[in-house]
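Enquirer: Sequence and computational prediction follow.
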Amino acid sequence: QVQLVESGGGLVQSGEALTLSCVASGFTFNYYAIQWHRQAPGKERELVAGISSNGNGNNLYVDSVKGRFTISRDITKNTAFLQMSSLKPEDTAEYYCKGIMGNSDYWGQGTQVTVSA
């Protein structure tokens with residue numbers, strides 16, 4: 001059974017940090033690129049960050065999080081991470097991880113991040 005399980009979300013104050021985790025199972029994790037997406041209430045889901053299957057390429061970040069968020073992965077643990085610092089209220093959203101290989105993709109169920117002013 002394919003699963004991506006996110007964790008690490010929560011309620012923080014503006015300026016604080018959180019690290020999200022995404023644990024994969026049921027597929028060959030190191031064959032898949034990983035992306036983090038987020039969706040705020042009333043808004044479309046957006047790509048936040050991406051990392052290649054081997055983690056050795058240039059990581060991708062949306063402009064609004066550059067310099068504040070860092071994506072990484074630990075192939076030995078089948079886990080991807082999103083380190084978020086200097087959080088802002090506009091970062092409040094449900095965060096999802098996604099595994100991608102060609103036309104195949106898998107989504108996690110999401111973890112909520114709420115940043116208070």
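Expert: Yep, that arrived. Numbering: from 1, shown residues only.

Enquirer: Mind listing the residues bridging to the residue nearest to the spatial centre of the chain?
Expert: Nearest residue to the geometric centre of the chain (Cα atoms, centre = their mean): Trp36, 3.0 Å. Note on Trp36: beta-bridge partners by DSSP bridges are Ala49, Cys97.

Enquirer: mind listing the strands for this protein?
Expert: Listed in chain order, the strands of the chain (DSSP state E) span 3-7, 10-13, 18-25, 33-39, 46-51, 60-61, 69-74, 79-84, 93-101, 104-107, 111-116.

Enquirer: Include mean pLDDT when you put the ones you listed into CSV, please.
Expert: Supplementary listing: the strands of the chain in CSV, determined by pLDDT from 0 to 100:
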stretch, mean pLDDT
strand 3-7, 97
strand 10-13, 98
strand 18-25, 98
strand 33-39, 98
strand 46-51, 98
strand 60-61, 97
strand 69-74, 97
strand 79-84, 98
strand 93-101, 97
strand 104-107, 95
strand 111-116, 98
